[in-house]
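# this one's structure only:
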């Protein structure tokens with residue numbers, strides 16, 4: 001009798017410990033999923049804001065170049081071509097801008113984005129050279145030259161910021177650990193759940209719900225790829241202005 005009670009006591013302790021561990025893992029997984037969702041959503045919104053900022057900076061630079069006069073026409077054409085190429089090579093699933101004045105196929109570095117490609121960088125370098133080679137002849141043009149250089153530098157800063165934001169910010173091992181936690185949690189539920197169709201259906205729906213949450217996190221973490229992408233409309237609006 002005493003041995004039976006001892007075995008029962010050990011079993012109760014093991015069950016209590018397993019329940020405690022599963023409860024802790026469930027809490028950790030819930031916290032991590034919530035923090036990940038909030039983090040990737042904030043990053044996704046920030047990329048969208050940076051796209052709008054880049055569009056405004058393109059319009060401002062083009063306006064300053066237009067005020068300079070016909071000497072800046074080559075730089076303005078390059079700026080227009082860069083904007084169109086950025087749209088065509090970043091949002092490949094959307095209609096391309098009309099015309100053939102821009103490179104529609106841009107090779108990218110391994111693991112990089114089209115905004116980081118040598119072709120796109122060369123276009124911006126030529127725009128910068130055209131701006132710096134302008135020869136101001138009066139105070140107004142000297143002020144415009146300073147304004148154009150400052151606007152171009154802000155545009156480059158935003159562009160590199162977008163390049164850094166284009167890739168995933170969450171490492172693969174982190175996802176592996178999270179999936180491992182969730183596998184333990186669902187495995188423990190499966191051991192204690194009754195063996196009937198209702199339990200299997202509920203477990204399957206719960207697994208699909210968690211999987212869909214992880215899928216949304218993965219999609220939002222790559223704002224220029226996948227099912228959820230940032231809108232190209234701000235750059236398209238800027239291209240419309242640059243084409244006037």
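Sure thing, it's come through. Note that the structure is predicted; figures quoted are calculated from it, not measured.
# Show me where the protein dips below the pLDDT cut-off.
Low-confidence regions of the chain, defined here as pLDDT under 70, cover residues 1-22, 107-114.
# Now do the strands in it.
Counting by DSSP state E, no segments of the chain form strands.
# burial measure for residue 230, as a count.
Neighbourhood size, residue 230 [other CB atoms under 10 Å]: 22. Every C-beta, even on glycine, is put in place using the N, C-alpha and C of the backbone.
# Was I right to think it contacts residue 46?
No: counting by CB atoms under 8 Å, no contact exists between residue 230 and residue 46, whose distance comes to 9.8 Å.
# ok, which stretches of this structure are helices?
For the chain, the helices defined by DSSP state H occupy 2-68, 73-90, 118-132, 139-166, 172-192, 197-220, 233-242.
# relative to helix 73-90, how tilted is the last one?
Here helix 233-242 points in a direction 150 degrees away from that of helix 73-90 (axes from the mean of the first three to the mean of the last three CA atoms, to 10 degrees).
# what sits up against helix 233-242?
Outside helix 233-242, the residues that touch it by CB atoms under 8 Å, 6 or more residues apart in numbering are 51-52, 54-56, 58-59, 62, 76, 79-80, 83-84, 86-87, 97.
# between those, which is nearest residue 29?
residue 51 (32.8 Å; CB to CB).
# Return the distance of the closest one relative to residue 236.
11 Å (CB to CB, to the nearest Å).
# just to revisit the earlier point, most tightly surrounded among the helices of the chain?
Scoring the helices of the chain by mean neighbour count under mean count of other CB atoms under 10 Å gives helix 73-90 as the most buried, with a mean of 21.
# what's it packed up against?
The contact analysis (3 or more CB pairs under 8 Å, 6 or more residues apart in numbering; DSSP states H and E) places helix 73-90 against helix 2-68, helix 118-132, helix 233-242.
# Out of those, which is closest to residue 91?
helix 233-242 (8.6 Å).
# Quick one: distance of that closest one to the chain centre.
For helix 233-242, the separation from the chain centroid amounts to 20 Å (computed by CA atoms, centre = their mean, to the nearest Å).
# Same check on stretch 163-183?
Relative to its chain's centre, stretch 163-183 lies at 14 Å (CA atoms, centre = their mean).
# what's it in contact with?
Where contact means CB under 8 Å, 6+ apart, the residues beyond stretch 163-183 that reach it are 25, 28-29, 32-33, 36, 39-40, 43, 46-47, 50, 111-113, 115-116, 210, 214, 217-218, 221-224.
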